[in-house]
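>>> Next one to model:
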Amino acid sequence: MIPWLPPEPVFPPVEQALAEPNGLLAAGGDLSPARLLAAYRRGIFPWYSAGEPILWWSPDPRMALFPAELKISRSLAKALRNKPYEVTFDTAFGQVMAACAAASRPGQHGTWITAEMQSAYGKLHELGYTHSVEVWLDGRLAGGLYGMALGRAFYGESMFSRQADASKIALVHLCRHLQSQGFGIIDCQMETAHLASLGARPIPRSDFIALLDQLVGGTET
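So this is what the prediction gives:
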């Protein structure tokens, strides 16, 4: 059994999360800015499908990408040199979220990026917490990603590509920008082969939470 969240934006300790399914911590609550900020500061994120109650997660281990460890393959390096793309930040947040929601993913039916999620993260974007990276080719949105920044931690949420390597190009530019700003980690949440190929690696949840205490602990919600 997992607890049902009270009206206040509080959460149980992440150590109480289930081992199976990995990281399931609590249910209920809402997607208000106060609750979402409280969750991310504690290494917790919402993930659920339309028609379900909101489910909150904190998996162990946690997939993380340290910006300096980003792996750039030869083909990606060539794309970075040769493709006539333009990269922007925070110019089309809503379009990026909608494109991520519409993207087809192997083994996934439907999307967890519901209209409710898009509205909630859109409000956080207006407040300056969530951000997008856009990759444009010939004036059209070819790929991108979005996530949340708190303190010196970036929490990656989703990415999409309409052209080969477009989301990877967005990630490279994000990593370079985060490094220049002194960010220490990109949270990738769940382990996937795709993320591993880009340099992300699983770390114990306790290590992840300790890093958040260092990188995010002093920020206000």
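
>>> Report the outermost residue of this protein with respect to its centre.
residue 82 (27.8 Å; CA atoms, centre = their mean).

>>> for the chain, which spans come out with low pLDDT?
104-110, 218-221 (pLDDT under 70).

>>> Please point out which parts of the longest helix that the chain contains sit buried.
Looking across the chain with DSSP state H, the single longest helix is helix 166-180. Within helix 166-180, the residues that count as buried by 16 or more other CB atoms under 10 Å are 166-175, 177-178. Heads up, the C-betas are built off the backbone N, CA and C, glycines and all.

>>> The nearest residue to residue 137 once chain neighbours are set aside: neighbour count?
Closest residue to residue 137 apart from its sequence neighbours, by CB to CB, 6 or more residues apart in numbering: residue 85 at 5.3 Å. For residue 85, the count of nearby residues is 20 (other CB atoms under 10 Å).

>>> Identify each of the helices in this structure and give its residue range.
Under the criterion DSSP H, the chain carries helices at the ranges 33-41, 74-82, 93-102, 115-126, 166-180, 193-197, 205-215.

>>> quick one on the thing from earlier: check contacts around the residue nearest to residue 137.
Counting by CB atoms under 8 Å, 6 or more residues apart in numbering, residue 85 makes contact with 135-137, 142, 166, 169.

>>> one more time with 10 Å, if that's ok
Taking CB atoms under 10 Å, 6 or more residues apart in numbering, we find residue 85 in contact with 79, 134-138, 142-143, 163, 165-166, 169-170, 173.

>>> most surrounded residue in those?
residue 135 leads the contacts of residue 85 on contacts (other CB under 10 Å) with 30 neighbours.

>>> Relative to residue 165, how far out is the residue farthest from the centre of the chain?
The gap separating residue 82 from residue 165 is 11 Å, by CB to CB, to the nearest Å.

>>> among the helices of the chain, which is nearest residue 14?
Comparing the helices of the chain against residue 14 with CB to CB, the closest turns out to be helix 205-215 (6.4 Å).

>>> So residue 39 sits against residue 58, correct?
Yes: using CB atoms under 10 Å, residue 39 is in contact with residue 58, at 8.9 Å.

>>> So for these two, which residues contact both of them?
11, 25-26, 45.
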